[in-house]
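Peer 1: The sequence isn't on hand, but the structure is:
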């Protein structure tokens, strides 16, 4: 972390070394030879040479005292102690502010394989939680098209509304889980790749689940001040600009750049620095003081990317609907067309989940690059490495076994499947 004046500390080559690794002790050094005693005349007698180990019987005979010549004894050279074997870690680079976005995209490119696996996991969450609502809505459109959009019977309408509300609540919960885990999972994967000690998707997911509630609180602490100021500014500018979308986007971006800078590194402090959200908030202000412009770029880039994603999703759905219409797929098509459209709904839902992760990874990449460059804080990564206190391969009493899909997720998937079946049977009548 930075000091109180905001200057970043000098880089530490062993900053990423796990604290539980004890280096081997150096080899003992032999004591120096003691000073030989002198006789009464003051001359030191020449010490006798140590006999070598005999290798031949003739060489093993004792030396003749008359012919033996005393050679000066040379002290044996002290053995050089071996340096501790410490794993070499590359220096974490601190990029300039002008190269922040370029370094972020370079990091994303080097993390392609790891990101792909993580995106499939998020896509599965979205498919299991949002998929039932999407399929139920598609089924409602098909059935109502055949009926001519007649009203439901009075006794079935409340049941159908309750079932759709339940599916909507499940979908909202799945979106929140996917958004939170996308941010923490992407941050862990990108940070491990940046320090050239990548962790597997399994270990990154274990870290993400460990920080789930802390990440929610950190996002709440960082987002509330920005949203409050944005609301105030929008109300002040509403009489001038009205409901213009362009003015709203510009206002949101400017407010985020001015107010959100000190909160730019709260999530990184929780996930990578391994501190609680309140301490991460305090340290984020210190890191912000070291590179104020870089922090503004971090938050503005995240805001602009999120807005572009919203527009991109809207345009993408419009393209998909037009494509289905041109192929003759719709609520009035044949059985084959209905089956193909249903498969398309499932595929689009899964792709939407992978898109959430990909976009989230793009938004957090600048935060990872600048945070690691300024602080070298990788304690959160070290906790899930082999031998760490949160290593998913180590079974500890009281800690549940690692599962790709937790029991709560499986329960949510089952509730979604049951709710979908009940909803379809209700609207069919």
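Peer 2: On my side now, so go ahead. Bear in mind that the values here come from a model prediction, so they are computed numbers and not experimental data.
Peer 1: packing partners for the helix or strand where residue 296 lies?
Peer 2: Using DSSP states H and E, residue 296 sits within helix 292-326. Applying 3 or more CB pairs under 8 Å, 6 or more residues apart in numbering; DSSP states H and E, one finds that helix 292-326 makes contact with helix 100-110, helix 245-259, helix 335-375. Just so you know, the C-beta spots here come from the backbone N, C-alpha and C atoms, and that holds for glycine as well.
Peer 1: chain center to it: distance?
Peer 2: 21 Å (CA atoms, centre = their mean, to the nearest Å).
Peer 1: And stretch 213-220, by the same measure?
Peer 2: 14 Å.
Peer 1: quick one on the thing from earlier: which positions in the helix holding residue 296 come out as buried?
Peer 2: By neighbour count, and taking 16 or more other CB atoms under 10 Å as the criterion, the buried residues in helix 292-326 are 294-303, 305, 309, 324.
Peer 1: still on that earlier bit, got the helices and strands packed on helix 292-326 as JSON lines, with mean pLDDT, mean neighbour count and distance to residue 193 columns?
Peer 2: Converted to JSON lines, the helices and strands packed on helix 292-326 look like this (pLDDT from 0 to 100; neighbours: other CB atoms under 10 Å; distance: least, CB to CB, whole Å):
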{"stretch": "helix 100-110", "mean pLDDT": "91", "mean neighbour count": "17", "distance to residue 193": "6"}
{"stretch": "helix 245-259", "mean pLDDT": "66", "mean neighbour count": "16", "distance to residue 193": "27"}
{"stretch": "helix 335-375", "mean pLDDT": "90", "mean neighbour count": "20", "distance to residue 193": "9"}
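Peer 1: Can you convert those helices into a markdown table and add a column each for distance to residue 137?
Peer 2: What follows is the helices and strands packed on helix 292-326, written out as a markdown table (distance: least, CB to CB, whole Å):
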| stretch | distance to residue 137 |
| --- | --- |
| helix 100-110 | 34 |
| helix 245-259 | 27 |
| helix 335-375 | 9 |
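Peer 1: Select, out of those, the one closest to residue 402.
Peer 2: When the helices and strands packed on helix 292-326 are compared by CB to CB, helix 335-375 sits nearest residue 402, at 19.7 Å.
Peer 1: How are the strands of the stretch 51-200 of the chain distributed by residue range?
Peer 2: Along the stretch 51-200 of the chain, no segments are classed as strands by DSSP state E, counting those that start in this stretch.
Peer 1: Find the residue closest to the most centrally placed residue in the chain in space, skipping its chain neighbours.
Peer 2: Residue closest to the mean C-alpha point of the chain, counted by CA atoms, centre = their mean, is residue 188 at 2.1 Å. Excluding the flanking residues, the one nearest residue 188 by CB to CB, 6 or more residues apart in numbering is residue 204, at 4.1 Å.
Peer 1: between the buried residues of helix 292-326, which is nearest residue 133?
Peer 2: Checking these one by one against residue 133 (CB to CB), the nearest turns out to be residue 324, at 18.8 Å.
Peer 1: these two touch, right, the closest one and residue 330?
Peer 2: Yes - between residue 324 and residue 330 there is a contact at 6.3 Å, judged by CB atoms under 8 Å.
Peer 1: so what sits against both of those two?
Peer 2: residue 341 (CB atoms under 8 Å, 6 or more residues apart in numbering).
Peer 1: looking at the chain, which helix or strand does the model trust least?
Peer 2: helix 245-259 (a mean of 66; mean pLDDT, DSSP states H and E).
Peer 1: remind me which residues of this structure are low pLDDT?
Peer 2: Applying pLDDT under 70 to the chain flags residues 1-90, 147-157, 237-253, 256, 429.
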